[in-house]
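**Q** Structure of the sequence below:
(chains A and B)
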Amino acid sequence: MSDDIRGMTAELAADADSLVFLDLAEALRQRGQLDAAYKVTRTGLARYPQLARAHDLCARILCDRGEPDRAFEAWVTALHYDGGLVSAHKGLGFLYYQAGDLTSAEKHLAYAGQADPDDTGTVAALERVRQEQEGAGGSGREREGAEGVAATTQAPAPAPDHAPAAAGTAPAEPAAAPAEALGGSPSLPFSFDEFARSPADEAVFAGLDGGTDGLLLLDTNGLRLGGGLRNPDGNDVADEVAALLAGVSKEAARTARLLNLGDWNGLAVECGDGNLFLSSPTDSTLLLTVRGLDVPMGRVARFADRASMAARVWLERGP
Amino acid sequence: MSDPVELLERLSSVRGIRGSILVSADDGLIVAESLMTGVDGRAVAALAASLTNRMRRATECAGRREPVFLQLQAADGTVLAAPCGRELVLVAIAGPDVNVGLARLEMLNAAGRLA
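**A** Numbers count the residues shown, from 1 in each chain, chains lettered A, B, ... in the order given. A predicted model of the protein is given here:
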């Protein structure tokens, strides 16, 4: 057992609520200890059943175990909780490609490519899928080469509406990595690990709508930690707004304490042309979520909850 | 402008609201109040005005229009604020049982009449 894994295991033992389970499970996955990785992830999911990143991780582990049907379900669940999670779109695109459903593969890869245009792996995969679509002429089973997939992995044939794949499609090669499982068929020009990890995944709000405009994470000194904010003219105002928000956390806490209202957990601000929600993912950070008037305040608050969770995961991982 | 005390008393009669204050936005001083005993109105007024002003500057900087309603949510209650023009801020303190939607409508109505 490496020191890293030992340390994370100890940390998780000391604090069962810690989000370090994500890093621990990923480390175990990368070492090929898939059963242990799966167990850690399932235990974490029992505590955080709505954490999209955990479902995404679970899907990658299941993919590595050669269980594409269950991986498919896990990625669909991840998107249920976070419809913009890029890695889940990549994963589903990958599985759809394996299953020969190029239309659905293209849809998910196109989304991932739009969210992270610098991810060369996804861009190349998307090009490949589109080339094959053109070659197939968009009729019948789109990619004849997918027969090779069926012979090795029995990949699910999910419906375009993301319905879970039917049971009973267990893989014949449990340990086969998805890319390798393509066998003699035309393979995607990237590995699954490249597929699942991209520079955008390292960004604090990767995969969340508004990750680069409309979500701003700052510290209590008014310094930007992540995310971004632009005014309606398109100018970057993140640093200025962050500086103005320094001290809000203390004032909000003092006000709530003075009135015996307990800990503050959010400040909702309605403007004439938008809704803002300020929350505190941790004691030392603030998160500003900005949306237009077309997004009701209740939804802005729920979106802020998801972004707060993403911020806590990112902060705990140590950016 | 309507009678501020009358508006505050009407607002404070909404179920869950423990009191309301009309505050000068510039200095955070109380203009009128209708509070339950035991609530330090002066401190609340100062802090609410400060929070409102700070958020006003932040929204301006972000290129947004001025705030029309703010809600500080806490574990055991909430503080609501509605700027009445540039000079006044209407503040209400509420328990966890308040109907925020109803209180919001009452406050926006009152703020419009106080502006």
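**Q** Could I get the full set of helices for chain A?
**A** Ranges of helices within chain A are A:3-14, A:20-30, A:34-47, A:52-64, A:68-81, A:86-99, A:102-115, A:120-136, A:147-152, A:192-196, A:199-202, A:238-245, A:248-258, A:297-317, based on DSSP state H.
**Q** Format the ones you listed as JSON lines; extra columns: distance to chain B and mean pLDDT.
**A** In short, each C-beta sits where N, CA and C put it, glycine included. Below are these laid out as JSON lines (distance: least, C-beta to the nearest C-beta, whole Å; pLDDT from 0 to 100):
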{"stretch": "helix A:3-14", "distance to chain B": "26", "mean pLDDT": "87"}
{"stretch": "helix A:20-30", "distance to chain B": "26", "mean pLDDT": "91"}
{"stretch": "helix A:34-47", "distance to chain B": "21", "mean pLDDT": "91"}
{"stretch": "helix A:52-64", "distance to chain B": "24", "mean pLDDT": "91"}
{"stretch": "helix A:68-81", "distance to chain B": "22", "mean pLDDT": "87"}
{"stretch": "helix A:86-99", "distance to chain B": "26", "mean pLDDT": "87"}
{"stretch": "helix A:102-115", "distance to chain B": "23", "mean pLDDT": "84"}
{"stretch": "helix A:120-136", "distance to chain B": "32", "mean pLDDT": "83"}
{"stretch": "helix A:147-152", "distance to chain B": "49", "mean pLDDT": "34"}
{"stretch": "helix A:192-196", "distance to chain B": "34", "mean pLDDT": "43"}
{"stretch": "helix A:199-202", "distance to chain B": "24", "mean pLDDT": "42"}
{"stretch": "helix A:238-245", "distance to chain B": "4", "mean pLDDT": "92"}
{"stretch": "helix A:248-258", "distance to chain B": "4", "mean pLDDT": "88"}
{"stretch": "helix A:297-317", "distance to chain B": "8", "mean pLDDT": "85"}
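**Q** B:M55: which of those helices is closest?
**A** With C-beta to C-beta as the measure, helix A:248-258 is the member of the helices of chain A nearest B:M55 (7.6 Å).
**Q** Centre of the chain to that closest one, how far?
**A** 33 Å (C-alpha atoms, centre = their mean, to the nearest Å).
**Q** Show me which positions of that helix end up buried.
**A** A:248-249, A:251-256, A:258 (16 or more other C-beta atoms under 10 Å in any protein chain shown).
**Q** Does chain A have contacts with stretch B:78-94?
**A** Yes: residues of stretch B:78-94 contacting chain A under C-beta under 8 Å from any C-beta of the partner chain: B:78-79, B:93.
**Q** start to end distance for that stretch?
**A** Its first and final residues considered, stretch B:78-94 spans 5 Å by C-alpha to C-alpha, to the nearest Å.
**Q** That stretch: which residues count as buried?
**A** Buried residues in stretch B:78-94 (16+ other C-beta under 10 Å): B:78-84, B:88-94.
**Q** for stretch A:16-26, same thing?
**A** A:18-26.
**Q** same thing with stretch A:71-87?
**A** So, applying 16+ other C-beta under 10 Å, buried residues of stretch A:71-87: A:71-79, A:81-82, A:84-87.
**Q** Among the buried residues of stretch B:78-94, name the ones in strands.
**A** Counting by DSSP state E, those place B:78-84, B:88-94 in strands.
**Q** Now pLDDT and distance to A:A99 too, for these, in TSV please.
**A** Listed next are these as TSV, based on pLDDT from 0 to 100; distance: C-beta to C-beta, whole Å:
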residue	pLDDT	distance to A:A99
B:T78	95	50
B:V79	95	54
B:L80	96	53
B:A81	96	54
B:A82	96	55
B:P83	95	56
B:C84	94	61
B:L88	94	63
B:V89	95	59
B:L90	96	59
B:V91	95	59
B:A92	95	57
B:I93	93	58
B:A94	93	54
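**Q** residue contacts, the closest residue to A:D4 other than its chain neighbours?
**A** Leaving aside its sequence neighbours, A:D4 sits nearest to A:A27 (C-beta to C-beta, 6 or more residues apart in numbering or on different chains; 6.0 Å). Counting by C-beta atoms under 8 Å, 6 or more residues apart in numbering or on different chains, A:A27 touches A:2, A:4-5, A:8.
**Q** most neighbours, which of the residues you listed?
**A** A:M8 (22 neighbours; other C-beta atoms under 10 Å in any protein chain shown).
**Q** and the residue lying closest to that residue once chain neighbours are set aside, how far is that from A:R65?
**A** Distance criterion C-beta to C-beta, 6+ apart; nearest residue to A:M8, sequence neighbours excluded, is A:L24 at 4.1 Å. As judged by C-beta to C-beta, to the nearest Å, A:L24 and A:R65 stand 17 Å apart.
**Q** Repeat that for A:Y111.
**A** Taking C-beta to C-beta, one finds A:Y111 at 26 Å from A:R65.
**Q** Comparing those two, which shows the higher neighbour count?
**A** Counted by other C-beta under 10 Å, A:Y111 and A:R65 do not tie: A:Y111 has more neighbours, with 22 against 19.
**Q** Report the contact partners of the closest residue to that one other than its chain neighbours.
**A** Residue nearest to A:Y111 in three dimensions, not counting chain neighbours: A:H89, with 4.8 Å by C-beta to C-beta, 6+ apart. Applying C-beta under 8 Å, 6+ apart, we find A:H89 in contact with A:79, A:108-109, A:111-112, A:115.
**Q** mind listing what's buried in stretch A:40-48?
**A** A:40-41, A:44-45, A:48.
**Q** Give me the contact list for it.
**A** A:12, A:16-17, A:19, A:21-22, A:24-25, A:28, A:51, A:54-55, A:57-58, A:61, A:309.
**Q** Now find how far off-centre it is within its chain.
**A** With C-alpha atoms, centre = their mean as the basis, the mean position of stretch A:40-48 lies at 16 Å from the chain mean.
**Q** ok, now stretch A:110-123?
**A** On C-alpha atoms, centre = their mean, the centre of stretch A:110-123 falls 14 Å from the chain's centre.
**Q** and what of stretch B:12-20?
**A** That offset, for stretch B:12-20, works out to 11 Å (C-alpha atoms, centre = their mean).
**Q** Span of it from start to end?
**A** 6 Å.
**Q** now swap in stretch A:46-57 and tell me
**A** 14 Å.
**Q** quick one: buried residues of it?
**A** In stretch A:46-57, counting by 16+ other C-beta under 10 Å, buried: A:48, A:51-57.
**Q** Take the residues you listed and write them to TSV, including distance to A:A125.
**A** Converted to TSV, the buried residues of stretch A:46-57 look like this (distance: C-beta to C-beta, whole Å):
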residue	distance to A:A125
A:Y48	30
A:L51	26
A:A52	22
A:R53	21
A:A54	24
A:H55	22
A:D56	17
A:L57	20
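**Q** where does chain B dip in pLDDT?
**A** For chain B, the stretches flagged by pLDDT under 70 are B:1.
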